[in-house]
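**Q** Take this sequence and fold it.
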Amino acid sequence: MDKIKIAIAGVGNCVSSLIQGIHFYREKNPEAAIGLMHYEMNGYRPGDIEVVAAFDVDKRKVGRDVHEAIFAKPNCTTVFCPDIPFSGVTVRMGRILDGVAAHMKDYPPNNAFVLSEEPELSADEIVEILRESCADILLNYVPVGSEEAARFYADCALKARVAFINNIPVFIASDPEWASRFEARNIPIIGDDIKSQMGATITHRILTDLFKKRGVKLERTYQLNTGGNTDFLNMLEQKRLASKKESKTEAVQAVAAKRLDDENIHVGPSDYVPWQKDNKVCFIRMEGKLFGDVPMNLEMRLSVEDSPNSAGVAIDAIRCAKLALDRGMGGVLEAPSAYFCKHPARQFTDDEAYTMIEAFIDDTKAPGLSVLKKAS
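**A** Numbering: from 1, shown residues only. You can find the predicted model right below:
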């Protein structure tokens, strides 16, 4: 199979886990390769993914080989594959725009950004790099709340005619205007806001769906999350949280038997705890009524390493985008977006989304199911 050539905007913890995972699974016996939903997807394996371009704004990453930059501060995720050879791909200075929260300067450099002094690349220069590198897909990993930066890179993907995977909660694939732009140019897009393999939102969704299927009335619920990585530090600025809270909340509301009033549901990041580093701790509480209107409640604590938890999902999303390119498909990929993302254009239950993604991978089961058509 051909290599799947990816470009990356934002070389943070998630990208560190992604690149480590590509190399970790490259030499694995398929039967011993745990932690992936699909080891092989229509001939493509994790080791077939290759980084050909990368952009960041931190001086400790810009100018370094991307395989070296993934271990630079402020990245703090688990190193599970340390021996990665240099790639020959240098991290280039991207565009800052709203990608750095103002309060970051108040924290020690090991926690926050140290802005590069290199001149920012223009859109034309980034497009040219994407073209010259022969990138198939551009992955957006800029910080949460980076509305301008996310749209900037989405526009670069359109101009360079590369597929786009929007891993953050800025609404692009789920925005009809942006969706129509990708459809008009027949360029695949997956988004928005990547789910974790076994994270807070997917667990909360499954429990909410279980309440519905077992006839339990869900009356109120919360999901509180703490973490110590740059993502949680960035989200201390409340105005950057609006799309994140909406994305996570709607992911839960979409599978409830009856939509909860706003005052009865709270889902979102809660606080930054530096010593947690890349570990995220989630607390979920659900209150409801059983048979005979008898009250009940459920409480759960989940502790996961945040970035590896999404890397396997990203590997599947990358391969789905490549399958779309191979098949000449463009526009929003509905099945991958529904299964891999918290805020797709259309929400489905996780059972429905699972059936859809399996059909997408084996396109003979349901040809055309994977492309989101314009709403009638």
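
**Q** quick check: longest helix of this structure.
**A** Taking DSSP state H as the assignment, the helix of the chain that covers the most residues is helix 308-327.

**Q** Any buried residues in it, and which?
**A** For helix 308-327, a neighbour-count test (16 or more other CB atoms under 10 Å) marks 308-326 as buried. C-beta: built from backbone N, CA, C; applies to glycine.

**Q** what do you get for stretch 71-89?
**A** So for stretch 71-89, counting by 16+ other CB under 10 Å, buried means 71-78, 81, 84, 87, 89.

**Q** Not counting its own residues, what contacts stretch 237-256?
**A** 101-103, 143-147, 169-171, 192-193, 195, 200-201, 204-205, 208-209, 211-212, 218, 221, 223, 234-235, 259-260, 265, 267-269, 342-343, 347-350 (CB atoms under 8 Å, 6 or more residues apart in numbering).

**Q** Please list only the buried members of the residues you listed.
**A** Buried among these (16+ other CB under 10 Å): 101, 143-147, 169-171, 192-193, 195, 200-201, 204-205, 208-209, 211-212, 218, 221, 223, 234-235, 260, 265, 267-269, 342-343, 347-350.

**Q** Show me those residues that map onto helices.
**A** Per DSSP H, the subset of the buried ones among the contacts of stretch 237-256 in helices is 147, 200-201, 204-205, 208-209, 211-212, 234, 350.

**Q** Just give me the closest of these to R181.
**A** E147 (16.5 Å; CB to CB).

**Q** wait, what's in contact with the closest residue to the closest one other than its chain neighbours?
**A** Ranked by CB to CB, 6 or more residues apart in numbering and with sequence neighbours excluded, the top spatial neighbour of E147 is V170, at 5.3 Å. V170 is in contact with 145-147, 150-151, 192, 243, counting by CB under 8 Å, 6+ apart.

**Q** Identify the residues contacting the strand or helix carrying Y339?
**A** Secondary structure from DSSP states H and E places Y339 in helix 334-340. Applying CB under 8 Å, 6+ apart, the contact partners of helix 334-340 are 173-174, 190-192, 194-195, 313, 316-317, 320-321, 344-348, 350, 352-354, 356-357, 359-360, 369-372.

**Q** let's see it at 6 Å
**A** 173, 190, 313, 317, 320, 344, 348, 353, 356-357, 360, 370, 372 (CB atoms under 6 Å, 6 or more residues apart in numbering).

**Q** which two in those are spaced the farthest apart?
**A** V313 and L372 (19.2 Å).

**Q** circling back: just the ones of the contacts of helix 334-340 in strands?
**A** Judged by DSSP state E, strands contain the following of those: I190.

**Q** show me where this structure has helices.
**A** 13-24, 66-69, 123-132, 147-160, 176-184, 200-213, 230-234, 242-253, 308-327, 334-340, 350-361.

**Q** got the buried residues for the second one?
**A** Across helix 66-69, burial judged by 16+ other CB under 10 Å covers 66-67, 69.

**Q** for the last one, same thing?
**A** Within helix 350-361, the residues scored as buried using 16+ other CB under 10 Å are 350, 353, 355-357, 359-361.

**Q** Show me the two of the residues you listed that sit farthest apart.
**A** D350 and I361 (16.4 Å).

**Q** who are the neighbours in contact with A353?
**A** 338-339.

**Q** so where is this structure shaky, pLDDT-wise?
**A** 1, 364-376 (pLDDT under 70).

**Q** what do you get if the cut-off is 90, keeping everything else the same?
**A** Confidence mapping of the chain against pLDDT under 90 gives the ranges 1-2, 27-35, 100-113, 238-242, 268-270, 363-376.

**Q** So for stretch 130-149, first residue to last residue, what's the gap.
**A** Counting by CA to CA, to the nearest Å, you get 17 Å between the two ends of stretch 130-149.

**Q** residues in contact with that stretch?
**A** So stretch 130-149 is contacted by 4-10, 12, 14-15, 52-53, 97-99, 150, 153, 157, 160, 162-168, 170, 234-235, 240, 244, 321, 325 (CB under 6 Å, 6+ apart).

**Q** got it, and stretch 272-283?
**A** With CB under 6 Å, 6+ apart as the criterion, stretch 272-283 contacts 13, 76-77, 200, 224-229, 232-233, 236, 301-307.

**Q** Can you say which of those residues are buried?
**A** Counted by 16+ other CB under 10 Å, the contacts of stretch 272-283 give 13, 76-77, 200, 224-229, 232-233, 236, 302, 304-307 as buried.

**Q** From those, which land in strands?
**A** Per DSSP E, the buried ones among the contacts of stretch 272-283 map to strands at 224-227, 302, 304-305.

**Q** Let me have the residues you listed in a markdown table, adding distance to K280 as columns.
**A** Shown next, in a markdown table, are these (distance: CB to CB, whole Å):
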| residue | distance to K280 |
| --- | --- |
| L224 | 11 |
| N225 | 6 |
| T226 | 7 |
| G227 | 4 |
| L302 | 8 |
| V304 | 6 |
| E305 | 8 |
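
**Q** between those, which is nearest N110?
**A** Using CB to CB, these come closest to N110 at G227, 15.6 Å.

**Q** Once you drop chain neighbours, what's closest to the closest one?
**A** Nearest residue to G227 in three dimensions, chain neighbours excluded: K280, at 4.2 Å (CB to CB, 6+ apart).

**Q** Kindly state the beta-bridge partners for the one you found.
**A** V304 (DSSP bridges).

**Q** And it, how close does it get to K342?
**A** According to CB to CB, to the nearest Å, K280 and K342 sit 15 Å apart.
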